[in-house]
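> no letters, just coordinates:
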């Protein structure tokens, strides 16, 4: 009789931890204190910010498609959640990649508004 | 083999022969390069595979020596022009894995500084001496970090001749 309890508790824990891309959008909007703009996100994603790379250098202008790492050439699975269900579901990964990649592209951490805008735009992208 | 029912003397002789065989085998193994067939094997490390393997293949840890890996792990926030920093827990796990499985032969430069690029190590340079600059520049290859462009089984640690196909 222990198994059903174990299974139920695993399911409950899991669903409490699992996050959706919409959850992240809400979080970033709350942190920014403003609603997101997909149009601004698109511009931010495709523009260079004083360094060699833009977000789209590696993720592509159409992030429903597979990208390519600018220095190693390794394929990068699509960033848009519609094309890749794993994206924006794990807080540790989301925070880690924003930290690293914003450092590379913008030369600093991105603020909550920038993250909200980019994610809002990514959520409009469908193949 | 002599498990039971034989004299102690015989058993000792057999044991000695086994010991001698093992010692000889170990001597031969350590004398020849560990990657004689260009298959690089290491126990897997989930942290290494996930963190390092997300931007390039998880290069076999035997491709650099312990000093090179230490120097590389000390500069992850500026890793060949990219921020590749990881949290402390994972960084320590990866550093430990790399130290345990590092190359035994040195990967220092002529001045005694640890090399950070695998493509600058003596072994790499020797193995790629027939590849000219124009081939490296092909859009299908572009960089020495792109092992998989030519080594079709690179991700599995197999760099053998039979799995090479140089793209046009």
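Happy to help now that I have it. Here the structure is a predicted model, which is why all the values come from computation and not from measurement.

> for the rest of this, base every contact and every neighbour count on C-alpha atoms.
Noted.

> which SS class is the most centrally placed residue in chain B?
Closest residue to the average C-alpha location of chain B: residue B:62 at 2.4 Å, with Cα atoms, centre = their mean. Three-state assignment for residue B:62 (DSSP: H, G, I helix; E, B strand; the rest coil): helix.

> what's the answer for residue A:115, then?
Look at residue A:115: counting by three-state DSSP, its state is helix.

> my read is that it contacts residue A:28, right?
Yes - the criterion here is Cα atoms under 8 Å, and residue A:115 meets it with residue A:28 at 6.5 Å.

> which residues does residue 79 contact?
Looking at chain A here, since you left the chain open. Residues in contact with residue A:79 (Cα atoms under 8 Å, 6 or more residues apart in numbering or on different chains) are A:59, A:63-65, A:87, A:122.

> sorry, should have said chain B
Applying Cα under 8 Å, 6+ apart, we find residue B:79 in contact with residue B:72.

> what parts of chain B come near chain A?
B:55-57, B:81-86, B:141-143, B:145-146 (Cα under 8 Å from any Cα of the partner chain).

> next, give me the two most distant ones among these.
Farthest-apart pair in the residues of chain B next to chain A is B:86 and B:141; separation 27.9 Å (Cα to Cα).

> burial count for residue B:133?
Residue B:133 has 8 neighbouring residues, counting by other Cα atoms under 10 Å in any protein chain shown.

> what's the closest non-adjacent residue to the residue nearest to the centre of chain B?
Spatially, and ignoring its direct neighbours in sequence, residue B:62 is nearest to residue B:103 (4.1 Å; Cα to Cα, 6 or more residues apart in numbering or on different chains).

> over to residue A:114?
Setting aside the residues directly before and after it, residue A:114 is nearest to residue A:41 in space (Cα to Cα, 6+ apart), at 6.9 Å.

> which stretch of helix or strand covers the one you found?
Assessed by DSSP states H and E, residue A:41 sits inside helix A:38-46.

> residues touching the residue most central in space within chain A, list them.
Ranked by distance to the mean C-alpha position of chain A (Cα atoms, centre = their mean), the top residue is residue A:88 at 4.9 Å. By Cα under 8 Å, 6+ apart, the residues touching residue A:88 are A:19-21, A:24, A:81, A:94.

> ok, so of those, who is nearest chain B?
Among these, residue A:94 lies closest to chain B (Cα to the nearest Cα), at 12.9 Å.

> so for the closest one, what pLDDT did the model give?
Here the pLDDT value assigned to residue A:94 is 98.

> try the one 4 residues further on
As predicted, residue A:98 sits at a pLDDT of 98.

> helix, strand or coil: sort out it for me.
Each residue gets one of three states, and residue A:98 gets helix by three-state DSSP.

> how much space between it and chain B?
Distance, residue A:98 to chain B, by Cα to the nearest Cα, to the nearest Å: 11 Å.

> burial measure for that residue, as a count.
Look at residue A:98: counted by other Cα under 10 Å, it has 15 neighbours.

> I figured it hits residue A:110, correct?
Yes - between residue A:98 and residue A:110 a contact is recorded at 7.1 Å, counting by Cα under 8 Å.

> quick check: phi and psi on the residue nearest to residue B:62?
Dihedral pair for residue B:103: phi -60, psi 140, per degrees, to the nearest 10.

> equivalent analysis for residue B:108, please.
Torsion angles, degrees, to the nearest 10, at residue B:108: phi -90, psi 160.

> how about residue B:65?
Phi and psi for residue B:65, reported as degrees, to the nearest 10, are phi -90, psi 180.

> before we move on, the earlier item: spit out the contact partners of the residue nearest to residue A:114.
Residue A:41 touches A:114-121, counting by Cα under 8 Å, 6+ apart.
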